[in-house]
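*Asks:* just a sequence and a predicted model for now, questions to come.
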Amino acid sequence: MKRKRDDDTYAGLWDCVGGHFESAESAEDCMVREAREESGLRVNILRPGTLIEYRDEYGRSIAVPFLLESLSGRVTLSEHTEFRWISPVQARRLASVPALKMAMDAVAL
């Protein structure tokens with residue numbers, strides 16, 4: 001999914017669905033909710049990845065990556081300008097947020 005050109009962080013770069021935890025929410029529940037909010041898709045978690053810790057120009061972050069499968073096919077964008085169904089090889093070639101490639105490694109893609 002491509003971030004908006006006027007996004008506060010990583011404007012115009014490719015990213016995946018994700019976001020911040022709500023109060024008392026598990027990582028799994030957060031991922032399913034964020035996928036639905038950002039893409040309109042119902043998803044199933046295939047497997048979790050290892051935690052990712054990284055620093056960038058915005059500070060220190062810890063990410064909980066998951067490999068997902070779509071249970072519904074129609075994407076409805078809410079926070080992004082574009083989406084593509086592509087292979088992991090193609091994803092690695094895109095101008096993306098730094099953590100995307102780290103997340104792909106964390107779930108063994």
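*Replies:* Thanks, I have it. From a predicted model like this one, the values you see are computed outputs, not experimental measurements.
*Asks:* contacts, neighbours, all on C-alpha from now
*Replies:* Will do.
*Asks:* tell me where this protein has strands.
*Replies:* 2-3, 43-48, 52-56, 59-63, 66-70, 80-82 (DSSP state E).
*Asks:* and the fourth one, what's buried?
*Replies:* So that's strand 59-63. Across strand 59-63, burial judged by 16 or more other C-alpha atoms under 10 Å covers residue 63.
*Asks:* show me what that strand is packed against.
*Replies:* Strand 59-63 sits against strand 52-56, with contacts defined as 3 or more C-alpha pairs under 8 Å, 6 or more residues apart in numbering; DSSP states H and E.
*Asks:* which residue lies farthest from the center of this structure?
*Replies:* The centre of the chain is farthest from one residue, residue 24, which by C-alpha atoms, centre = their mean lies 20.6 Å away.
*Asks:* how close does that residue get to residue 60?
*Replies:* Distance of residue 24 to residue 60, computed by C-alpha to C-alpha, to the nearest Å: 22 Å.
*Asks:* again with residue 91
*Replies:* Residue 91 is 24 Å from residue 60, by C-alpha to C-alpha.
*Asks:* what of residue 1?
*Replies:* 23 Å.
*Asks:* where in the chain is pLDDT low?
*Replies:* By pLDDT under 70, the chain contains no weakly predicted segment.
*Asks:* grab the longest helix from it for me.
*Replies:* Assignment by DSSP state H gives helix 27-39 as the longest helix of the chain.
*Asks:* what does that helix contact?
*Replies:* Identification of contacts with helix 27-39 by C-alpha atoms under 8 Å, 6 or more residues apart in numbering yields 17-22, 41-45, 64, 66, 75-80.
*Asks:* what sits against residue 45?
*Replies:* With C-alpha under 8 Å, 6+ apart, residue 45 has these contacts: 28, 32, 66-69.
*Asks:* number of residues surrounding the residue lying closest to residue 13 once chain neighbours are set aside?
*Replies:* Spatial nearest neighbour of residue 13, chain neighbours left out: residue 96 (4.8 Å); criterion: C-alpha to C-alpha, 6 or more residues apart in numbering. Applying other C-alpha atoms under 10 Å, we find 20 residues neighbouring residue 96.
*Asks:* no further questions, thank you.
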